[in-house]
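Enquirer: Just to be clear, the model below is a prediction. Sequence and coordinates:
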Amino acid sequence: MIPIGETADGVVFNIRVIPRSSRCEFAGIQGDALKLRITAPPVEGAANKECIRFLSGVLGVKRSQIQILAGHKSKNKKVSVSGIHREDIEGVV
């Protein structure tokens with residue numbers, strides 16, 4: 001399981017993004033990050049938007065509740081999701 005930090009507002013965890021995949025899906029765990037395959041290319045923020053869209057659908061939260069804290073131009077990102085708890089993430093992944 002990946003390390004999930006709890007904050008007063010929600011949770012924080014790491015993801016590793018594989019862009020230009022054939023479909024959007026979880027692809028396991030790599031190191032301390034949740035690996036995501038997404039269809040969008042890594043240009044002009046398209047991959048970041050797709051990550052937020054995918055995570056919001058899977059976690060059942062609004063897109064506005066998800067924020068990329070670090071790694072905007074990297075495959076390794078730190079993500080914050082407000083309004084949920086650690087158990088909500090562990091139940092999905």
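Expert: On my side now, so go ahead.

Enquirer: after the biggest helix by length in the chain comes which helix or strand?
Expert: Using DSSP state H to define each element, the chain has its longest helix at helix 46-59. For helix 46-59, the succeeding helix or strand toward the C-terminus, using DSSP states H and E, is strand 66-70.

Enquirer: Convert the C-alpha atoms of the longest helix of the chain to PDB, please.
Expert: Backbone C-alpha positions of helix 46-59 (Å, rounded to 0.1, in the frame of the first residue of the first chain) are rendered in PDB as follows:
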ATOM      1  CA  ALA A  46      -3.600  18.000 -20.600                       C
ATOM      2  CA  ALA A  47      -2.200  15.100 -18.600                       C
ATOM      3  CA  ASN A  48      -2.800  16.900 -15.300                       C
ATOM      4  CA  LYS A  49      -6.400  17.700 -16.200                       C
ATOM      5  CA  GLU A  50      -6.900  14.000 -17.200                       C
ATOM      6  CA  CYS A  51      -5.400  12.800 -13.900                       C
ATOM      7  CA  ILE A  52      -7.800  15.100 -12.000                       C
ATOM      8  CA  ARG A  53     -10.800  13.900 -14.100                       C
ATOM      9  CA  PHE A  54      -9.900  10.300 -13.600                       C
ATOM     10  CA  LEU A  55      -9.300  10.500  -9.900                       C
ATOM     11  CA  SER A  56     -12.500  12.500  -9.300                       C
ATOM     12  CA  GLY A  57     -14.600   9.800 -11.100                       C
ATOM     13  CA  VAL A  58     -12.900   6.900  -9.300                       C
ATOM     14  CA  LEU A  59     -13.000   8.500  -5.800                       C
END
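
Enquirer: tilt between that helix and strand 66-70?
Expert: Relative orientation of helix 46-59 and strand 66-70, computed by axes from the mean of the first three to the mean of the last three C-alpha atoms, to 10 degrees: 130 degrees.

Enquirer: same for helix 46-59, what does it pack against?
Expert: The helices and strands touching helix 46-59, judged by 3 or more C-beta pairs under 8 Å, 6 or more residues apart in numbering; DSSP states H and E, are strand 10-18, strand 33-37, strand 66-70, strand 76-82, helix 86-92. Yep, even glycine has a C-beta here, placed from its N, CA and C like the rest.

Enquirer: Asn48: which of the ones you listed is closest?
Expert: strand 66-70 (5.7 Å; C-beta to C-beta).
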